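A.B. asks: Got a predicted structure here, sequence first:
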Amino acid sequence: MSFYEEYKRVKNIDFYSFFAQVTKYDVEKVLAKDRLREEDFLVLLSPVASDYLEEMAQKAHKLTVQNFGKVIFLYVPLYLANYCVNQCAYCGFSVKNGFKRNKLTINQVEEEAKAIMDKGIKDLVVLTGESRKHSPVSYIKDSIKILTEYFSSIAIEVYPMKTEEYKELVEAGVDGLTIYQEAYNEEIYDEVHITGPKKNYRFRLDAPERGCQAGMRRVNIGPLLGLDDWRKEAFFAGLHANYLQNNYMDTEISLSLPRLRPHLGSFQSNSIVDDLALVQIILAYRLFLPRVGISLSTRESDKLRDNLLPLGITKMSAESSTAVGGYAKDKGVKQFDISDERTVAEIKELLLNRGYQPVFKDWQQL
């Protein structure tokens, strides 16, 4: 079983011919439905549907409140290391970028944990560069054992692993997995992943499913918007989330919407994903997948994040650092620049003022 079979079924759709035939009537018909098929989802990603964002937003807000309530889950990312063996055209951690690499010692991991805990955060995403040599499973596991003393829920965003390795980390206290396919388009994926193990498209594509099979409580996926036509990439990611949700009903599935941000290097986006495009993607996701979580990171500006809140967002990062450590002490080069630099306290105040309940803890390891 693999989502790749689903991807092969739809990868050669003539998207542009399909979009050219979509009418306003088609969009209105989709908006009148309670349950959407994949073709309906594609209609909502069409250029014509961009004229119906207000109608889509009203329905998306209603579905979000119905399925999640007016709550926003808050989390913080913690980078353990930035050593990487991949040459990825779009990433500041690429092996070809010459800068001093860093890796937290176990004592420093605890220092960072204490600094983050002081902000009130209980939900953590642990990241490393993709280097098994510098960040082996044993190192990640040792770090997790420290972090479970401070955080009730811990997810990992690291290199793709085998099912058995994910099981090891689940046993150590990890309950969530975030892994982005970056580009679902196989040809573009091959182009931007120049050298390194990340070039293995299938191994990465199947990683979320291996995480589900290993017992992860929650799995978060998504494309890196800007590597290919955003309408196609959003469509593939939505189908991927739907596939996981239908096959692993005990796992909470969520989608993220990272857009390319400035970083060390000179890679230019292949597809401009402006703010209206981001809005349309969020709305289409919510209408197609009413129960899927939708995360929005500090890559986006404070003003935009504020405005996107009622459209289907369920989870936000706050006061993030994309450098190794970065909370107890800044450790150097960032993977990418963030845009929303508000503190956790400021985000909490914003949510309360908007009538939302900020949630710092919704899970406790036994």
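C.D. replies: Everything's here; your move.
A.B. asks: Point out where this protein drops to low pLDDT.
C.D. replies: 261-270, 330-338, 365-366 (pLDDT under 70).
A.B. asks: Need the residue closest to the centroid of it.
C.D. replies: residue 256 (3.3 Å; CA atoms, centre = their mean).
A.B. asks: neighbours around the spatially closest residue to it that is not a sequence neighbour, how many?
C.D. replies: Spatial nearest neighbour of residue 256, chain neighbours left out: residue 222 (4.0 Å); criterion: CB to CB, 6 or more residues apart in numbering. Heads up, the C-betas are built off the backbone N, CA and C, glycines and all. Per other CB atoms under 10 Å, the neighbour tally for residue 222 reads 25.
A.B. asks: from memory residue 222 sits against residue 253, does it?
C.D. replies: No. The pair residue 222 and residue 253 fails to qualify as a contact (CB atoms under 8 Å) at a distance of 10.9 Å.
A.B. asks: picking up where we left off before, what's the distance between the residue nearest to residue 256 and residue 254?
C.D. replies: The gap separating residue 222 from residue 254 is 9 Å, by CB to CB, to the nearest Å.
A.B. asks: Point out the other helices and strands that the longest strand anywhere in the chain packs with.
C.D. replies: Of all segments of type strand in the chain, defined using DSSP state E, the longest is strand 71-81. When contacts are defined as 3 or more CB pairs under 8 Å, 6 or more residues apart in numbering; DSSP states H and E, strand 71-81 sits against helix 106-117, strand 123-128, helix 137-147, strand 315-317, strand 323-325, helix 344-353, strand 357-359.
A.B. asks: Can you check which of these gets nearest to residue 191?
C.D. replies: Taking CB to CB, strand 123-128 is the member of the helices and strands packed on strand 71-81 nearest to residue 191, at 24.3 Å.
A.B. asks: Only alpha carbons, please: show the closest one as PDB.
C.D. replies: Extracted C-alpha coordinates of strand 123-128, given in PDB (Å, rounded to 0.1, in the frame of the first residue of the first chain):
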ATOM      1  CA  ASP A 123       4.000  21.200  22.300                       C
ATOM      2  CA  LEU A 124       7.400  20.900  20.600                       C
ATOM      3  CA  VAL A 125       8.600  20.100  17.100                       C
ATOM      4  CA  VAL A 126      12.200  18.800  17.100                       C
ATOM      5  CA  LEU A 127      14.200  19.300  13.900                       C
ATOM      6  CA  THR A 128      17.600  18.400  12.600                       C
END
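A.B. asks: what about the helices in the stretch 101-250 of the chain?
C.D. replies: 106-117, 137-147, 163-172, 186-192, 201-205, 207-213, 230-247 (DSSP state H, counting those that start in this stretch).
A.B. asks: Ok, which of those comes nearest residue 91?
C.D. replies: Among those, helix 186-192 comes nearest to residue 91, with 9.1 Å by CB to CB.
A.B. asks: for the closest one, packing partners?
C.D. replies: Looks like helix 186-192 contacts helix 201-205 (3+ CB pairs under 8 Å, 6+ apart).
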